[in-house]
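Peer 1: What follows is a protein structure lacking sequence information:
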């Protein structure tokens, strides 16, 4: 069941105005959608991973509560949440990668709720770097790819979050996918060549 968009938007505005109870009322209304995004992230992991979607949601939600964002709608909130989940996973991947290179040389138990397969660590970091490069050339296309790859949102959901037509999302996604493929392969083609 989709929550009433007006109610969610009202709570987001109350939260921005400093009402501490608004965040408590908001979570139950958006939790199912956040869980859906988190599950999409986790589907990309190995079959025996131990990262829990709930832990990802909790960490992202805590970060969102401290961000000073002028929320415009439920779709805006879910889009930003997908971005925050991406950052949580990328930060974890980088920290884990640094640990393998020696890091602080202190043995620490890996948290079971934030484990990412070793095979995926480098991919997550590489895609993140590629998205940063794409964002310099085409911010909207980078955002479409981020919401699709990391957030697992559908074309229609992305169109709603970004306020553009689904046809534009499809075009942007095709461009971004080709551009990232070339970027990650090391091709020196210009972004205009990807079109």
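Peer 2: Arrived safely. None of the values given here were measured: they were computed from a predicted structure. Residues are numbered from 1 along each chain as shown.
Peer 1: buried residues in stretch 14-30?
Peer 2: In terms of neighbour count (16 or more other CB atoms under 10 Å), stretch 14-30 has its buried residues at 14, 15, 22, 26, 29, 30. C-beta coordinates here come from the backbone N, C-alpha and C atoms, glycine included.
Peer 1: quick one: contacts for the residue lying closest to the first one once chain neighbours are set aside?
Peer 2: Leaving aside its chain neighbours, residue 14 sits nearest to residue 22 (3.8 Å; criterion: CB to CB, 6 or more residues apart in numbering). Neighbour list for residue 22: 11, 12, 14, 15 [criterion: CB atoms under 8 Å, 6 or more residues apart in numbering].
Peer 1: now, which of these sits nearest residue 85?
Peer 2: Proximity to residue 85 was ranked across the contacts of residue 22 by CB to CB; first place goes to residue 12, at 17.8 Å.
Peer 1: tell me which element the closest one is part of?
Peer 2: Following DSSP states H and E, one finds residue 12 within helix 5-16.
Peer 1: For that helix, give me every contacting residue.
Peer 2: Under CB under 8 Å, 6+ apart, the answer for helix 5-16 is 22-23, 25-26, 29-30, 65, 69-75, 77.
Peer 1: Go again with 7 Å.
Peer 2: For helix 5-16, contacts defined as CB atoms under 7 Å, 6 or more residues apart in numbering pick out 22, 23, 25, 26, 29, 30, 70, 71, 73, 74, 77.
Peer 1: Fine by me, thanks again.
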